[in-house]
Every structure is written in C-alpha cells, then in structure tokens.
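Peer 1: Below are the sequence and a predicted model; questions follow.
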Amino acid sequence: MTLVELEENGAPVELRCTEAEGRALAESGVVDAHPATYGTDLWVIRDNGKVGVACIDDIEVWVHPKIRIDRLLFLLGYLVTPRGWRPDTAGLSTVEDLVPALAQSLWRQAERALARGLLQGYREYEDTSHVLRGRLREADQLRKHHGLPMPLEVRYDEFTTDIPENQILRASIDRMLRVPRVDADSRKRLRGLRQRLSDVSPLIPGRPLPGWVPSRLNTRYQLVLAVAELVWRGTSVEHQQGSARVNGFMVNMAQVFEDFVTVGLSEEITARGGRPRSPATCSLDTAGRVTTQPDLVWYERAEPVAVVDAKYKVERVGGFHDNLYQMLAYCTALNLPRGHLVYAKGNTEQDRYVVRNAGIEILCHTLDLQEQPDELLAQISALTAEIAKHPLPM
C-alpha cells in the first residue's frame, strides 16, 4: 500500500506510480492528479478541497485539514443538525486525525444510545399469507389471485427493531469499518455494536438512507443519527462511478463552511424576528428564464433586506473575484443596494467594494475557524448584527 499525505491547500506532492494508478487517482474525485512535465512515471498530486482519508486501489491518500479536528467536527455537525455536537460530548480531545475522531464519536454516541437497548417501533409489512393477519389488500387480492380465497394478500404492523433509525446506525457502522485509518480500539467497539444490530436489515449499496422523523420516542438516538448520517455522506466516495476501487471518508470543506454559515445565520435571523430563506432562488431576467441561487436571503415582511453568500475561499477569474460578479448579480436581481460575502479567515481579508456606475456595495466578512465553538457562534452573532446595521434606504 502506497501512502500519499497532503495538507489542505498545501503544496502538491510527486508520486512515482504507473499510468493506470495515476489515472485512477485522477478519476477518483478524491484529489487532483496529472502527469508531471518530466518523468513518464511521475504524477503531481494535490488536494481538491476535500479532507479525510481514502484508498484508491492500492494507494492510500490522506488529506489533513488546516483547522483543528475538534473545530472541524463542530462545523461538521451543521451539515445534518442545527446545533451539531460538541467535542467534549464526543470525547475527542486527544485525537489528532479526522477519521479516528469520527470513529470514536460514532461508537461513543452509539453506546450511549443503545445503553437501554435497541429502539423499537412499528413497521408496516405487506405479505402473502394463508392466515389473515392485519388487513386484507383487496385490490392486490383480486389482481393476483382472481377471486380465489387463498392465499391472502395482507398488510400488517409489527413491533420490531428493524426500523429506519437502527438501519441507519447499522449502515454507518458498516461503512466506518471499511474506512482505513480507524484505530484498533474503535474497530473493536464498532464490531461489538455491529453484532448488536445483526438482526437489523442492511441497506442496499447506492440507495439513499431511509427517512426518519425526530420525536420524543427516538430522542436518545438523535445525536448518534446525526453522526451516522455524516459518516454516510463522507463515505459516499466508495459509490462513485469508475473503474478504480475507492473507499474512505472525505468531506468537502467548502460545503462544510457554507452549511455552518447559512445555518448559523438563519438561527440568528429567526431569533431577531426575520425570515431567512436558504437557499433562495430569484430570477435574473424579467422573463424568469435565468435564475440565481444565493446561499441566504433575509426577508422582512415578505421583502428581501439582505443577501449573503458563503465562500470558503476566493475564486478568481481574469485577475478579479468571480465571487464579486456573482454577488453583483444577486443584488441586481433582488434590487438590494449591498450584498455580503463571508469567507474563512486566512483565505482572504475583510474588504469593501463599490461597483462603478451601479452604486452597489459588496462587503467581505471573515470568520476565524480556529476559535472555540462558543467563540465561533459569537462571530456568527456579531456578523448578523453587522448585516443588520445596513438598513435599506427609505
């Protein structure tokens, strides 16, 4: 197994490999890879915005995030649940890499959730039987058996552990056990949990997770299901199309940042009595044929008062910010005098632009992702207050 280690937004590395291995890396979507300009067996490998670990055939790729693991896990919580989970809850203070940290979070939360046994619930089944159980499916009975009294097409409810919550938990544990770099203790704990869930139906690869609804009955499962759904999303690389065998856990940092900003701001706007819409769709032309979709629009009394777009880093086209052109389109479509771009600190600086001949003002804000979770939320609150300081002209 060949090991390739990269730093997020860091320098590329050169890997000596066969052409087939290089193409597998390039087609995997995990990293950017291309042949070096010199040397027929050298490939240049760099990250493409994803962090984590993945195996592509016989090459193991590890991309280390720039921010601390506990900070990243806090941000990851906003992908699936408004308040996420805290590092002290997950017991991750001594873990230095993302995959071991997430594996520990999964088994710790799963053991807490299953401390009182597997959750049970009613599940509806449809079956062909020689005994009437539950309700007769009359239409199916006539269509399949043409009026014969036996067998019977029935529908019944059964109180069972084979419910969506347990299916999601089992599926995420199965996925995590296939991820490289999971520590030995976590593997042992996860196998023990997998044994407890052995009577739960496995999910079909490539199918979406079953739906579940938060309720008083599944309260003790809700935190572990948030982690489980995150594991499922991060391990989706193993189902990408292509000839290479790919498995691992990777997360897109741009998506992580965007979700954290939009969910955090939406909560603050709602607390202020506003109505956030995320994502929001608006028409750029009068005929409605061209639409734009900013990350967040703040509404007051059904009227837009602010537009926000979260960008993990600056995108440049022809020496200028592509993000500014995009925000200019949002402000024009929404008839707003200013727009707000939110970046991760270190990728750009706070700035202000006034568009010539339009008078539209574009403000660039930054968030320091290295701060403690409470401070991160305080930054979101301060950003909301900053956006609210700029009222629309009367």
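Peer 2: Looks like it came in fine.
Peer 1: Identify the residues contacting the residue nearest to residue 71 when sequence neighbours are not counted.
Peer 2: Leaving aside its sequence neighbours, residue 71 sits nearest to residue 369 (Cβ to Cβ, 6 or more residues apart in numbering; 6.0 Å). All C-beta atoms are positioned from the backbone trio N, CA, C, and that covers glycine. The neighbourhood of residue 369, defined by Cβ atoms under 8 Å, 6 or more residues apart in numbering, consists of 67, 71, 75, 257, 344, 345, 376.
Peer 1: switch to 7 Å and redo it
Peer 2: Taking Cβ atoms under 7 Å, 6 or more residues apart in numbering, we find residue 369 in contact with 67, 71, 75, 344, 345.
Peer 1: If you count neighbours, what's buried in stretch 196-216?
Peer 2: 196, 197, 200, 203, 209, 212 (16 or more other Cβ atoms under 10 Å).
Peer 1: so which of those comes closest to residue 309?
Peer 2: Distance to residue 309, by Cβ to Cβ, is smallest for residue 209 among the buried residues of stretch 196-216, at 28.7 Å.
Peer 1: how near is that closest one to residue 225?
Peer 2: 9 Å (Cβ to Cβ, to the nearest Å).
Peer 1: Looking at the buried residues of stretch 196-216, which is nearest residue 233?
Peer 2: Distances from residue 233 to those, taken by Cβ to Cβ, are shortest for residue 209, at 9.3 Å.
Peer 1: The closest residue to that closest one other than its chain neighbours: neighbour count?
Peer 2: Leaving aside its sequence neighbours, residue 209 sits nearest to residue 168 (Cβ to Cβ, 6+ apart; 5.4 Å). Residue 168 has 23 neighbours, counted by other Cβ atoms under 10 Å.
Peer 1: Report the beta-bridge partners for the residue nearest to residue 314 when sequence neighbours are not counted.
Peer 2: In space, not counting the residues next to it along the chain, residue 314 is nearest to residue 348; the distance is 4.7 Å by Cβ to Cβ, 6+ apart. According to DSSP bridges, the residues that bridge with residue 348 are residue 345.
Peer 1: which residues are common contacts for residue 209 and residue 225?
Peer 2: residue 168.
Peer 1: rewinding a little: got a list of what the residue nearest to residue 314 touches?
Peer 2: If you count contacts by Cβ under 7 Å, 6+ apart, residue 348 has them with 314, 364, 366.
Peer 1: buried subset of these?
Peer 2: 364, 366.
Peer 1: in what helix or strand does residue 32 lie?
Peer 2: Remark: residue 32 resides in strand 31-35, with elements defined by DSSP states H and E.
Peer 1: Next SSE downstream of that strand?
Peer 2: With DSSP H and E, the next secondary element past strand 31-35 is strand 42-47.
Peer 1: Other residues contacting the strand holding residue 32?
Peer 2: 6, 22, 25, 26, 43, 44, 45, 46, 47, 48, 61.
Peer 1: Could I have the buried ones of these as PyMOL selection syntax?
Peer 2: This is how PyMOL selects the buried members of the contacts of strand 31-35, with burial counted by 16+ other Cβ under 10 Å:
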select buried, resi 6+22+25+26+43+45+46+47+61
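Peer 1: Specify which member of the contacts of strand 31-35 is nearest to residue 306.
Peer 2: Nearest member of these to residue 306, counting by Cβ to Cβ, is residue 48, at 31.6 Å.
Peer 1: What's the per-residue pLDDT of residue 348 here?
Peer 2: For residue 348, the model assigns a pLDDT of 74.
Peer 1: same question, residue 57
Peer 2: Looking at residue 57, the pLDDT reads 83.
Peer 1: hang on, the earlier thing: among the contacts of strand 31-35, which pair sits farthest apart?
Peer 2: Going by Cβ to Cβ, the pair spanning the contacts of strand 31-35 furthest: 22 and 47, at 16.2 Å.
Peer 1: Now for residue 185, how many residues are close by?
Peer 2: So residue 185, with other Cβ under 10 Å, has 12 neighbours.
Peer 1: try residue 291
Peer 2: 11.
Peer 1: And the one 4 residues further on, by the same measure?
Peer 2: Around residue 295 there are 21 other residues, counting by other Cβ under 10 Å.
Peer 1: List the contacts of it.
Peer 2: 258, 262, 278, 279, 308, 309, 310.
Peer 1: Check these for burial and list the buried ones.
Peer 2: Buried residues within the contacts of residue 295, counting neighbours by 16+ other Cβ under 10 Å: 258, 262, 278, 308, 309, 310.
Peer 1: which one of those residues sits closest to residue 139?
Peer 2: residue 278 (42.4 Å).
Peer 1: Would you check that that closest one makes contact with residue 296?
Peer 2: Yes: with contact defined as Cβ atoms under 7 Å, residue 278 reaches residue 296; the gap is 4.5 Å.
Peer 1: Now list whatever residues contact both of these two.
Peer 2: In contact with both residue 278 and residue 296: 262, 266, using Cβ under 7 Å, 6+ apart.
Peer 1: so where does the nearest residue to residue 346 once chain neighbours are set aside fall, helix or strand?
Peer 2: Once flanking residues are discounted, residue 346 sits nearest to residue 66: 7.5 Å by Cβ to Cβ, 6+ apart. Using DSSP H and E, residue 66 falls within no helix or strand.
Peer 1: Quickly note the distance from residue 66 to residue 256.
Peer 2: 12 Å.
Peer 1: Which of those two has more residues huddled nearby?
Peer 2: Taking neighbours as other Cβ under 10 Å, residue 66 and residue 256 compare with residue 256 leading, 24 against 17.
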